[in-house]
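>>> Sharing a sequence plus its predicted fold:
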Amino acid sequence: MLPRVRAPLLRALPRRAAPSSTPSLLRAAAPSAAAVAPRLSRAYQSARDTQSDRDTIIRLLYSLGSRKEVERYLRIFTSADKFAVLKIGGAILTDQLDELALSLSFLNRVGLYPIVLHGAGPQLNQILEDAGVVPDYIDGIRITDAKTLEVARKVFLQENLKLCEALEKLGTRARPIPSGVFQAEYLDKDKYGLVGKVTSVDKEPIEAAIRAGALPILTSLAETKDGQLLNVNADVAAGELAKVLEPLKIVYLNEKGGLFHGVTGELMEVINLDEEYDALMKEEWVKYGTKLKLREIKDLLDHLPRSSSVAIISADSLQKELFTDSGAGTLIRRGYKLYKNNSVDAVGADKLRQVLQERDPEIASGSLSATTFFSELSKAPYTIYGDEPFDVVAIVSHPEGETPLLTRFLPSRNGVLNNVVDNVWAQLRKNHRRLFWTARADDENRAWHFERAEGSFTRAGKSLFWYGVHDVAEVEKIVKRFEETGRIERSYLPVGPPPRVTSTSTLGGARPFSTLARGRPSPSAVLSQRRRYATGAPAKPKKVALIGARGYTGQNLVSLINAHPLLELSHVSSRELAGLPLEGYTKAEVRYANLGPKEIEEMENAAEVDAWIMALPNGVCKPFVDAIDRGRARRGDKGAVIVDLSADMRFEKDWVYGLPELYKRDELRSATRISNPGCYATNTQLLLAPLLDLLDPAAGPTVFGVSGYSGAGTKTGEKDASTGRPVTVPKITPEALGHAVKPYALTDHIHEREAGFHLSRLVTPAGPQVKVAFTPVVAPWFQGIVSTASVPLNRAVRASEIVDRYQEKYGGEKSVTIKKEVPEIRDIEGKHGWVVGGVQVHSEGKRVVVVGALDNLLKGAATQCIQNLNLSLGLDEHAGIPL
């Protein structure tokens, strides 16, 4: 079986760190839940005696994992409508009742309401056996006659009340719900007797219990429409309940703490149903309850999103499963089947091109085109390996009579975290008895390469790896052949003066250098330093037309494109400057033109540019966009990309809103219409996004933004007195401000509405819309915005929790800096990123103040435009941006 790597916690939330066998994802072993349970129990009793609050209970959980882990999962769980369905095996109610009650009480003390459904199989069997009745099963389902059902009803009631009483003794309210939730019809009366098949689930008793502040404790008894009680297997009932409620977590608690292989006795840490279900169900040891459990879990997961999973654990591991990255017990998920194909078309050329553009450094940067890569690939036989959602793609070149060479290994973050990387690697080992590949010595995943290699050679920062060849002389022969054919760059090969070649198989595992596992890589860095082999001509720069180039934002765009390695200006438009040369652009001579809608339509029809940047005042853009649409329709394809810097398109459904740090980058990569966010709106959204689930619904956040006077725009018609050339002059000057500050647009500023509108996309559809109170102020410096957010909260927090939220949200973003101090103008003036800091929490704990800063002309306009343009044109997001 596979080592345990936990599946995504939410539909789109990456879930839990991988084991030490995965690249750059080594983790320190967490203390076992069983080891800390007595300590938690004693501390818990002490906490009760002293009326300790929720924070004390949370601190007790820190002994299971890091504070960041615990608080992250708490935030997720407390914001969920339905937190978890817990199915409790009957044996736990007999043997581990105290541990179970303690675990459930802990969850309730931190504001969580798990929905508990329990069985009573062992208790029922014991009573029936004492009465001389031998339990009988068909396909794992208990044959239930009237006498058995009568006993079952009494046992269920007793066990239900026993658990409720144990919880009440701990001060946790619990509501027994022995029936009334499940309606059923006979499964097969002649075959199974009084056994039900659930037809509907009534959520009201469950929701009423939670509204009353009590944990709902259910049995699996069901009723027909006529009121006849029917016995339903508890695993089946839990599955039907989860299908209706769609909770964040589905956890089965049993006395063993997981599923164990019937022959080896080993814990099965992960079961991928798509790959293993059919084989498992044929195993002789999979029978009765185990077979039924697997069948019902498969049926459940078939009805839920593919990212869903079921955990089977012990009662004393519940906190470890819920609040740590390491998890516990057995994880069952659908997974994905792996594929291998010998042609790009069979895999899907468009999808493979997208993967290459997103994950391959050479192609993402534009130094190699996907077309050139495919052309080179087709010159020799090859095989493409991967999984259905393309979380890992591996490409092996294997010309007839030559040694196979791994030329690409491209995992996504999901591929690393969910163990797809090792699954694909296992397929490579199965299909190729020997394999060579290369990597740079400073690769973040260096240890991963060595773990999978049987031999290696490193020189001048470059490494050659292999497995399946144990004779040094044979290695030297293969290396010489690689040199002759040019299949591997010569700098990776031990050629020239004979270096020492080591093979871990023949030299007792010795290696020419030590390795060090680093921290978890970002998705783009999983194999970002790996050597790539395909070569080709440098990518041709993309042509950009800038409409509205005279203002401050236009000037900054000219400067950024001038320094961009893969963009070039082909057209600039300004009515006042028409015919004059563009200043500050050195790649080529470009002159201003007065481009109207008619000229733009013809340019689009002729495919003269790859992208349009609309740097026009509000309310002016639409005729130009309409002209591009007409030209696009005439040419019959998706046409050039449009990025609009005005506010005109920021609320339009068919335009993609371009704030990459917050919203879906994948949408930007395929977008042809992008609305660039406003400067104040960018600052406001970045400030508030990590705090959305903490917002007090009765008192929304207030943002006070102060901007340099360049944000007010420029005057038209101003000319240089000596040359007569039109010049850029600010509408507001420091002198006009009296070198002071001036509030303006005191209510209903367009950026106030913009920020609230788009932040509301980040909350659940049923959640309240985000309302932001925003006041802008113009100041006597030229450029730069500092915004102060005062945010009332729905619960008390500490400043450290707030800082952790910003670290979690933006820790991997190149353009974001998180600092302890309050950001100042000098931190961001003329710079291309966003800075946040100065976190302070009110003494009562229920209001936080955070400060964010950015350059309104750069990250608030021009730089963000380049980010969006890069993504939409298939380039690296930060290409040409000097961060």
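Yes, it's here.

>>> Any chance you could list what contacts the longest helix belonging to the chain?
Looking across the chain with DSSP state H, the single longest helix is helix 146-169. Applying Cβ atoms under 8 Å, 6 or more residues apart in numbering, the external contacts of helix 146-169 come out as 88, 90, 93, 97-98, 100-101, 104-105, 108, 116, 118, 120, 123-124, 127-128, 131, 133, 142, 144, 173-178, 193-194, 215, 217, 219-221, 229-231. Any C-beta I mention is one placed from the backbone N, CA and C, and that applies to glycine too.

>>> Among those, name the ones in helices.
90, 93, 97-98, 100-101, 104-105, 108, 123-124, 127-128.

>>> I figured residue 703 was touching residue 684, is that so?
Yes - Residue 703 is within contact range of residue 684, at 5.0 Å (criterion: Cβ atoms under 8 Å).

>>> Pull up the overlap in contacts between these two.
Common neighbours of residue 703 and residue 684 (Cβ under 8 Å, 6+ apart) are 755, 772, 774, 787, 789.

>>> mean confidence for stretch 647-665?
The pLDDT scores in stretch 647-665 average 93.

>>> roughly how far is it from the heart of the chain?
With Cα atoms, centre = their mean, to the nearest Å as the basis, stretch 647-665 stands 19 Å off its chain's centre.

>>> now swap in stretch 395-403 and tell me
With Cα atoms, centre = their mean, you get 35 Å for stretch 395-403.

>>> in it, what counts as buried?
395, 396, 397, 398, 403 (16 or more other Cβ atoms under 10 Å).

>>> Quote the end-to-end distance of that stretch.
14 Å (Cα to Cα, to the nearest Å).

>>> How about residues contacting it?
Here stretch 395-403 has contacts from 377, 380-385, 404-409, 428, 431-432, 434-436, 478, 481-482, 485, 487, 533, using Cβ under 8 Å, 6+ apart.

>>> swap the cut-off to 7 Å and go again
380-384, 404-408, 428, 432, 434, 436, 478 (Cβ atoms under 7 Å, 6 or more residues apart in numbering).

>>> Go ahead and name everything in contact with stretch 101-115.
41, 44, 54, 57-58, 74, 77-78, 83-86, 116, 163, 166-167, 170, 172, 206, 210, 215-216, 245, 315, 318-319.

>>> Spell out for me the ChimeraX command that would select the buried members of the residues you listed.
Selection of buried members from these for ChimeraX, criterion 16+ other Cβ under 10 Å:
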select :41,44,57,58,74,77,78,83,84,85,86,116,163,166,167,170,172,206,210,215,216,245,315,318,319
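
>>> At which residues are the strands of the stretch 601-750 of the chain located?
With DSSP state E, counting those that start in this stretch, the ranges of strands along the stretch 601-750 of the chain come out as 611-614, 641-644, 656-657, 673-675, 702-708, 714-715, 729-730, 742-743.

>>> JSON lines please, covering the ones you listed and showing distance to residue 366 and mean neighbour count.
Compiled in JSON lines, those are given as follows (distance: least, Cβ to Cβ, whole Å; neighbours: other Cβ atoms under 10 Å):
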{"stretch": "strand 611-614", "distance to residue 366": "14", "mean neighbour count": "26"}
{"stretch": "strand 641-644", "distance to residue 366": "15", "mean neighbour count": "26"}
{"stretch": "strand 656-657", "distance to residue 366": "21", "mean neighbour count": "24"}
{"stretch": "strand 673-675", "distance to residue 366": "19", "mean neighbour count": "24"}
{"stretch": "strand 702-708", "distance to residue 366": "34", "mean neighbour count": "22"}
{"stretch": "strand 714-715", "distance to residue 366": "33", "mean neighbour count": "14"}
{"stretch": "strand 729-730", "distance to residue 366": "36", "mean neighbour count": "15"}
{"stretch": "strand 742-743", "distance to residue 366": "45", "mean neighbour count": "13"}
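
>>> could you redo these as a markdown table and give each row distance to residue 448?
Below are the strands of the stretch 601-750 of the chain laid out as a markdown table (distance: least, Cβ to Cβ, whole Å):
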| stretch | distance to residue 448 |
| --- | --- |
| strand 611-614 | 38 |
| strand 641-644 | 37 |
| strand 656-657 | 35 |
| strand 673-675 | 37 |
| strand 702-708 | 44 |
| strand 714-715 | 54 |
| strand 729-730 | 54 |
| strand 742-743 | 56 |
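
>>> Alright, calling it a day.
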